[in-house]
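**Student:** Take this sequence and fold it.
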Amino acid sequence: MTKALRMSTMFLRTLREDPADADVVSDKLLQRACYLRKAAPGIWTWLPLGLNVLNKIENIIREEMASIDAQEVHFSGLLPREPYEATHRWEEYGDNIFRLKDRHEADYLLAPTHEEMFTLLVKDLYSSYKDLPATLYQIQTKYRDEFRPRAGLIRGREFIMKDAYSFTLDKEGLVKAYMDERGAYERIFNRLDLKYVPVHAMAGPMGGFESEEFLAPMEIGEDTFAQSPSGKAWNVEALTTPEPEAIDFSNTPAAEKRPTPNAETIDQMVEFANANHPRSDGRAWEASDILKNVVIAVMHPQDDEHDEPWREL
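**Tutor:** Numbers count the residues shown, from 1 in each chain. Below you'll find the predicted structure:
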């Protein structure tokens, strides 16, 4: 039987004002309601209310992972250099990871992700194709040396990630494992009542031939995606468009200059052109025939090189 929390004894102090260094609404509300406290830029202390919510979210994830027969493991956040050097990611991550040395001058890193460790674990314990398939996952803290931590929990130097990895015999097994995982993600998001869009994406340093992201559209988002009328969506980094067929302009007449006084909009231009400059082929001018060029003038404030505000086209 779970003992109920009492407000009189709860470790809770709300704030009247927004924290001065909070830059997004969620950050302000979570701190004011005493769910979190900031220890440093991008580093957070979870308080009882916030930790209760976090635990409930993790439990939902664990339930859905269990439904696809995934098994949970837990790696250390402090890892040796060698596995990441073997995959060249010790160098590829550049300044985005925390590197450190122990008292014996051995190199370590704070884990930004654990693909190498999952692979080595299965290699160590499994020796036959008869042992497969297997799907392992963990819910673990990751570390990345973000240049500018911001947006509260969304972009921090320390964050909690659920990552899962499947090991199968062939592509058919891979596709099944992928779809099982995809279905589990959708059930998790639906249970949390999150609005999301599956988006085709770049695989990045992990490689592979297929990658999808589940993006939650919001005002403070950092990624941009394009969505077609059919509902399919692509991260703009992964979006390619076919080169259009060449158009024959050999019969296009030479350009001519014509005055268009007081025609300030496309519609006015079309109306004026049809009334004063009819086409030789008898077709009426349309908006698709018109290009409009707008010149912007920017007023700069006074600076070291200018004694007064100055104008630039």
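**Student:** Can you name the residues that contact residue 69?
**Tutor:** For residue 69, the contacting residues are residue 135, taking C-beta atoms under 8 Å, 6 or more residues apart in numbering as the criterion. C-betas here are computed from N, CA, C, even on glycine.
**Student:** so what's it scoring on pLDDT?
**Tutor:** Among the per-residue scores, residue 69 shows a pLDDT of 96.
**Student:** Check the separation of the first and last residues in stretch 125-145.
**Tutor:** Its start and end residues considered, stretch 125-145 measures 32 Å (C-alpha to C-alpha, to the nearest Å).
**Student:** what comes up buried for that stretch?
**Tutor:** Of the residues in stretch 125-145, 134-140, 142-145 count as buried by neighbour count, 16 or more other C-beta atoms under 10 Å.
**Student:** my guess is residue 31 is in a helix, correct?
**Tutor:** Yes. Using DSSP: H, G, I helix; E, B strand; the rest coil, the assignment for residue 31 is a helix.
**Student:** what about residue 55, neighbour count?
**Tutor:** Applying other C-beta atoms under 10 Å, we find 11 residues neighbouring residue 55.
**Student:** which SS state does it fall under?
**Tutor:** Applying three-state DSSP to residue 55 yields a three-state assignment of helix.
**Student:** Now pLDDT, distance to residue 27 and secondary structure too, for the buried residues of stretch 125-145, in a markdown table please.
**Tutor:** Listed next are these as a markdown table, based on pLDDT from 0 to 100; distance: C-beta to C-beta, whole Å; DSSP: H, G, I helix; E, B strand; the rest coil:
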| residue | pLDDT | distance to residue 27 | secondary structure |
| --- | --- | --- | --- |
| 134 | 96 | 39 | strand |
| 135 | 96 | 34 | strand |
| 136 | 97 | 33 | strand |
| 137 | 97 | 28 | strand |
| 138 | 97 | 27 | strand |
| 139 | 97 | 23 | strand |
| 140 | 94 | 23 | strand |
| 142 | 94 | 20 | strand |
| 143 | 94 | 20 | strand |
| 144 | 93 | 18 | coil |
| 145 | 92 | 20 | coil |
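**Student:** For the residue positioned nearest the centre of the chain, list the residues it contacts.
**Tutor:** Computing the C-alpha centroid of the chain and ranking residues by C-alpha atoms, centre = their mean puts residue 223 first, at 5.0 Å. When the contact criterion is C-beta under 8 Å, 6+ apart, the partners of residue 223 are 213, 215, 235-236.
**Student:** And residue 110, by the same measure?
**Tutor:** 77-79, 97-98, 100, 143.
**Student:** Could you find the closest non-adjacent residue to it?
**Tutor:** Excluding its sequence neighbours, the residue lying closest to residue 110 (C-beta to C-beta, 6 or more residues apart in numbering) is residue 143, at 3.6 Å.
**Student:** ok, and the most crowded of the contacts of residue 110?
**Tutor:** Each of the contacts of residue 110 was scored by neighbour count (other C-beta under 10 Å); the top score is that of residue 143, with 21 neighbours.
**Student:** Was I right to think it contacts residue 108?
**Tutor:** No. Checked against C-beta atoms under 8 Å, the pair residue 143 and residue 108 is beyond contact range at 11.4 Å.
**Student:** I figured residue 287 hits residue 267, correct?
**Tutor:** Yes. With contact defined as C-beta under 8 Å, residue 287 reaches residue 267; the gap is 7.1 Å.
**Student:** tell me how far the helix or strand residue 64 falls within is from the chain's mean position?
**Tutor:** The secondary structure element spanning residue 64 is helix 48-67 (assigned by DSSP states H and E). Computed by C-alpha atoms, centre = their mean, to the nearest Å, the chain-centroid distance of helix 48-67 equals 22 Å.
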